[in-house]
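In: I would like the atomic coordinates for the input below:
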Amino acid sequence: MMMKQAVAWFILFSGAASFARAQSGGAVPQEIAAAFAKAGLTTLKKRAAPADFSLPLLAGDVRTSLGALKGKVVFLNFWATWCPPCREEMPSMEILHRRFKDAGLEFLAVDIREDAKQVDVFTKRFSLTFPVAMDATGSVSSRYGIRGIPATFIIDREGFVVLSVVGGVDWAAPAMIAAFEALLRYGR
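Out: Reported below is the predicted structural model:
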């Protein structure tokens, strides 16, 4: 059962994560904060710069980096196949991905410390089409201070984190869709 509001699995960070203390992008625009509030999520008080990283993608020898996605809105999710709330939210992530993939929303799901074959079976079982990066050593998740999964960071077009959430979320709920529409409109 997907958690809809702030209940056991759902913890919001009240400020920038430890990876982002060095640089702030100012306050989250009111329009974006209000849209996510209607969806039941609280944005950061100040936008924070995420740590850049480079990881191999599940689909072969190709690598991806967070820096390569600057200029786009990024949905960065840390997860694992054994995690029940991760499994629960994946279908709604896929819906969000399909809806906004041509509108400037880039997804990057970072699997933490699992075997690529196991992750490949999982992604096929759930018909996931968004990119999956492999954090085999856990070094990137450690840099982000991940202590619970799923952990999601929403990054704006300017490259700053506007929202961070730990726990399963229904990313395809109507209010959530409206929040992403507002975020994608902002700065265009």
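In: Show me where this protein has its helices.
Out: Using DSSP state H, the helices of the chain run over 30-38, 84-100, 116-125, 139-143, 174-185.
In: Give the buried residues for the last one.
Out: The reference is to helix 174-185. Going by neighbour count (16 or more other Cβ atoms under 10 Å), the buried part of helix 174-185 is Met176, Ile177, Ala179, Phe180, Ala182, Leu183, Leu184. For every residue, glycine as well, the C-beta is placed using N, CA and C.
In: How confident was the prediction at Val162?
Out: The predicted structure scores Val162 at 97 on the pLDDT scale.
In: quick one, what contacts it?
Out: Val28, Ile32, Phe36, Thr43, Leu44, Arg47, Ile154, Ile155, Asp156, Leu183 (Cβ atoms under 8 Å, 6 or more residues apart in numbering).
In: any idea how far Glu31 is from it?
Out: When Cβ to Cβ, to the nearest Å is applied, the distance between Val162 and Glu31 equals 11 Å.
In: Report the contact partners of Phe160.
Out: Contacts for Phe160 were tallied using Cβ under 8 Å, 6+ apart; they are Ser24, Gly25, Arg47, Ala48, Ala49, Pro50.
In: ok, back up a step: among the contacts of Val162, which one sits closest to Ser142?
Out: Of all the contacts of Val162, Ile155 has the smallest distance to Ser142: 18.9 Å, by Cβ to Cβ.
In: Just give the number of residues close to the nearest residue to Met93 once chain neighbours are set aside.
Out: With Cβ to Cβ, 6 or more residues apart in numbering as the criterion, Met93 has its nearest non-adjacent residue at 5.3 Å, and that residue is Trp171. Applying the criterion other Cβ atoms under 10 Å, we find 25 residues in the vicinity of Trp171.
In: Correct me if wrong: Trp171 contacts Met90.
Out: No - in this structure, Trp171 sits apart from Met90 without contact. The criterion is Cβ atoms under 8 Å, and the distance is 9.4 Å.
In: Please, where are all the strands along this protein?
Out: 11-12, 24-27, 46-48, 54-56, 63-65, 73-79, 105-112, 132-135, 151-155, 161-166 (DSSP state E).
In: Between those, which one is closest to Glu94.
Out: Taking Cβ to Cβ as the criterion, Glu94 comes closest to strand 105-112 out of those, the separation being 9.0 Å.
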